[in-house]
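Colleague: using only what follows, build the 3D model:
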Amino acid sequence: MEKTKKIWMDGKFVNWDDANVHILTHTLHYGLGVFEGIRCYRCDDGRSAVFRLKEHTDRLFESAHIMLIEIPFTRDAINKAILETLKINDMKEGYIRPIVFLGDGSMGILPKNNPVRVAIAAWPWGVYLGEEALKNGIRIKVSTYARHHVNSMMTKAKVTGHYVNSILAKREAIADGYDEALLLDTEGYVSEGSGENIFIVKNGLLKTTPLTSNLKGITRDSVMRIAKDKGLEVKEERFTRDELYIADEAFFTGTAAELTPIREADRRTIGQGKPGPVTKTIQETFFNIVKGKEKKYEGWLAYV
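Modeller: Residues are numbered from 1 along each chain as shown. Got it, this is the predicted structure:
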């Protein structure tokens, strides 16, 4: 990771190397914290813009609400702090990580008077799964680990501790020679990747998993709106792993993954084994939007 100069912590900027927490920070021990992943893009006109900033901040506050954490800043203050973090670090594009966590105080499972702390870091980060992945697609493996049951974890919240499940799945997939994992829900239906939502295309129909065990992705929502604007039929509907195997096309979406085609799943070639026409047209439009080239979607961009 490439360091930047400053990190915003609890309302003020500190040097990157000084952005530290106590070893007894509650979230470090028990995983109760919420966070977001946000991207800033350099647009074709030379300006920089954060993609769907408001929606990301709203989801951060919704995650905190679900987990009974009261963020000690307003949404507007967090939006402003995110933009200021980019400015103070002279960043034209990159990745932004707001995190809300419980500080040191009482120990044990029950947090009592532990302070709610907020930090925002930003750093340069290229293509999550690699340029080759965006161009030619990736190979994925259905994980032996199931996604959280809706009554075991609060699946609508982006919680730090939830991602141990993703780490296990990702490690397994990489160790087995794949690029990414696909997790099923506890009933055996496709849920999502380790950090991405999934779409499949069959006979011109674009389908994605409903919001049961998986997170409400902001890139997912963007893709659905782009597809509908192009006149494509879009369904939120459960599907099985073998329906993925016989799909014409498939792709992952996410802030980090952006729109990454899937060319193979469990040693089965998906479609023609390369990004298909629906995937490519949505991917092209998505990247045009984040670069400020689609005026219709300019409301999705918060210029720095």
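Colleague: show me the strands in the stretch 151-300 of the chain, by range?
Modeller: Taking DSSP state E, counting those that start in this stretch as the criterion, the stretch 151-300 of the chain carries its strands at 180-184, 190-193, 197-202, 205-208, 233-236, 249-254, 258-265, 268-269.
Colleague: in which helix or strand does the spatially most distant residue from the centre of the chain reside?
Modeller: The C-alpha centroid of the chain is most remote from residue 106, which lies 31.3 Å away (Cα atoms, centre = their mean). Assigned by DSSP states H and E, residue 106 belongs to neither a helix nor a strand.
Colleague: can you pull the contacts of it?
Modeller: Contacts for residue 106 were tallied using Cβ atoms under 8 Å, 6 or more residues apart in numbering; they are 26, 112, 113, 114. For every residue, glycine as well, the C-beta is placed using N, CA and C.
Colleague: tell me how far the nearest residue to the last one once chain neighbours are set aside lies from residue 115.
Modeller: Of all residues beyond its chain neighbours, the one nearest residue 114 is residue 105 (3.9 Å), with distances taken as Cβ to Cβ, 6 or more residues apart in numbering. Using Cβ to Cβ, to the nearest Å, residue 105 is found at 7 Å from residue 115.
Colleague: mind listing what's buried in the helix or strand bottoming out on mean pLDDT in the chain?
Modeller: Taking mean pLDDT, DSSP states H and E as the measure, helix 131-136 is the helix or strand of the chain with the lowest mean score, a mean of 89. Judged by neighbour count (16 or more other Cβ atoms under 10 Å), helix 131-136 contains these buried residues: 133, 134.
Colleague: from the middle of its chain, how far away would it be?
Modeller: Averaged C-alpha coordinates place helix 131-136 at 18 Å from its chain's average position (Cα atoms, centre = their mean, to the nearest Å).
Colleague: what does stretch 68-84 give?
Modeller: Using Cα atoms, centre = their mean, the mean C-alpha position of stretch 68-84 is found 19 Å from that of the whole chain.
Colleague: which residues touch it?
Modeller: Residues contacting stretch 68-84 (Cβ under 8 Å, 6+ apart): 8, 11, 13, 32-34, 38, 50, 53-54, 57-58, 60-61, 64, 96, 98, 100, 102, 116, 118, 120, 122, 302, 304.
Colleague: just the ones of the residues you listed in helices?
Modeller: Using DSSP state H, the members of the contacts of stretch 68-84 that fall within helices are 53, 54, 57, 58, 60, 61, 64.
Colleague: just the buried subset of the contacts of stretch 68-84, please.
Modeller: 8, 13, 32-34, 38, 50, 53, 57, 60-61, 64, 96, 98, 100, 102, 116, 118, 120, 122, 302, 304.
Colleague: restricted to strands, list the residues you listed.
Modeller: The strands in this structure, assigned by DSSP state E, contain 8, 13, 33-34, 38, 50, 96, 98, 100, 102, 116, 118, 120, 122, 302 from the buried ones among the contacts of stretch 68-84.
Colleague: residue 243 is in contact with residue 205, isn't it?
Modeller: No: with contact defined as Cβ atoms under 8 Å, residue 243 and residue 205 do not form a contacting pair (11.4 Å).
Colleague: picking that back up, so which of the ones in strands among the buried ones among the contacts of stretch 68-84 would you say is closest to residue 161?
Modeller: Proximity of these to residue 161 was ranked by Cβ to Cβ; the top entry is residue 33 with 7.5 Å.
Colleague: pretty sure that closest one contacts residue 103?
Modeller: No: with contacts counted by Cβ under 8 Å, residue 33 stays clear of residue 103, the gap being 10.2 Å.
Colleague: what's the overlap in contacts for the two?
Modeller: residue 27.
Colleague: wait, residue 37 sits on residue 120?
Modeller: No: with contact taken as Cβ under 8 Å, residue 37 and residue 120 are classed as non-touching, separated by 11.9 Å.
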